[in-house]
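Asks: I would like the atomic coordinates for the input below:
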Amino acid sequence: MSEEEFRDFDEELSEGDPEEGEGEVEVVEQELTKELAGECLSLLSRTGNGLSHAYVRLDLKNRKLTDIAAIQSFVHVRYVDVSGNYLEDISPLGELPQLLTLHADNNRLATINLKELQYLQVASFAQNKLTTTEGLSQPMLDRLNLSSNQITELSGLTETQLPCLTSLDLHGNKLTSTIGIHLPSLQKLYLASNTLTKLEGLEGLRQLTTLHVRENQITTLDGFAPSMEGLQYLNLRGNAVEVLSELTKLQCLPFLRGLVLAECPLCELDEYRVEVLILLRGLERLDKDEYTEDERADAEELSKQRAEEEAPENETVEHT
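Replies: Numbering: from 1, shown residues only. Now for the predicted structure:
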């Protein structure tokens, strides 16, 4: 497993859109013009049919735009960034048949009104006003960022609507439950900084390798299942897990190699690192630090000692 997979995921929570915390802000209507769009084009590339060339990147960040209807004319564009504007509607982007990557962070989107795009692979709608995950049907979408919105429950996240999704970022929302994620192709799931007290409904995520749930209110580790055996990295930093035996519920994850429990009450236990290793022998790192050979030897010795101490007790019970 790579170093990147084991790194501690330091989410940067939303600082809010330009209006949050500032009262009513008057927004002047600002329509995108073809002239402005033309000035923001870059990256000359062959067109889809290979017979000519066109600019395929359009960067419209921080332009105070409220309307992007004119974007429909730029049918060869593949990479679009409209972050940092005042957009409430991005439906015109649905008229860009070659679109591969879309960034629409920090706008005023309450819903995502975007028709299916055949080639769209990466989409980011962080720091908007979304309250739902509905309306996200995209056949080739691989990575989706919905972080720092106001989403309270999950729906519409199905294999039918998002058959190719491998990475989903929902950190910094208002989720109280993880029920509603039915994406068997998903490999990375980010749920940090919500209000979760437990994990549930994740057993169908058979391809999941990375799960971040740091800074929630999780007390128990129910919700893991043998069907999630591919999970390699689990970040529980800053939760409320305090009972060591809860870690036995992770023994159904044979390929778990990285675990983060920092800032959980459990960390205050004596010989914390060794105790965790006794229960989860396959771990390579705990709280970003690799286990040393000495720690592994201590865990083996202590485990053996406890087994020997329990053996006579068991024999006595059998004889009685």
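Asks: Do I have it right that residue 126 meets residue 151?
Replies: No: using C-beta atoms under 8 Å, residue 126 is not in contact with residue 151, being 11.4 Å away. (Each C-beta comes from the backbone N, C-alpha and C, glycine too.)
Asks: Counting neighbours, what do you get for the nearest residue to residue 257 once chain neighbours are set aside?
Replies: The shortest distance from residue 257 to any residue other than its chain neighbours is 4.5 Å, reached at residue 284 (C-beta to C-beta, 6 or more residues apart in numbering). Close neighbours of residue 284, defined as other C-beta atoms under 10 Å, add up to 13.
Asks: Verify the contact between residue 284 and residue 255 for me.
Replies: No: taking C-beta under 8 Å as the definition, residue 284 is not a contact partner of residue 255, at 10.6 Å.
Asks: Please list all residues in contact with the nearest residue to residue 219 once chain neighbours are set aside.
Replies: Leaving aside its sequence neighbours, residue 219 sits nearest to residue 240 (C-beta to C-beta, 6+ apart; 4.6 Å). The contact partners of residue 240, taken as C-beta atoms under 8 Å, 6 or more residues apart in numbering, are 217, 218, 219, 264, 265.
Asks: if I look at residue 240, how far off is residue 177?
Replies: Distance from residue 240 to residue 177, counting by C-beta to C-beta, to the nearest Å: 17 Å.
Asks: cool, residue 119 as well?
Replies: Taking C-beta to C-beta, one finds residue 119 at 33 Å from residue 177.
Asks: okay, the residue nearest to residue 257: pLDDT?
Replies: Residue 284 is assigned 98 on the pLDDT scale.
Asks: give me the low-pLDDT residue ranges for the protein?
Replies: 1-25, 312-320 (pLDDT under 70).
Asks: what about the helices in it?
Replies: 3-6, 34-39, 272-279, 293-319 (DSSP state H).
Asks: Packed most tightly, which of these would that be?
Replies: helix 272-279 (a mean of 19; mean count of other C-beta atoms under 10 Å).
Asks: Quick one: the contacts of residue 240 as a markdown table, columns for neighbour count and distance to residue 26 too.
Replies: Output for the contacts of residue 240, formatted as a markdown table (neighbours: other C-beta atoms under 10 Å; distance: C-beta to C-beta, whole Å):
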| residue | neighbour count | distance to residue 26 |
| --- | --- | --- |
| 217 | 13 | 39 |
| 218 | 22 | 42 |
| 219 | 16 | 46 |
| 264 | 21 | 46 |
| 265 | 13 | 48 |
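Asks: Out of the residues you listed, the closest to residue 298 would be?
Replies: Nearest to residue 298 out of these is residue 264 (C-beta to C-beta; 21.4 Å).
Asks: All set, thanks.
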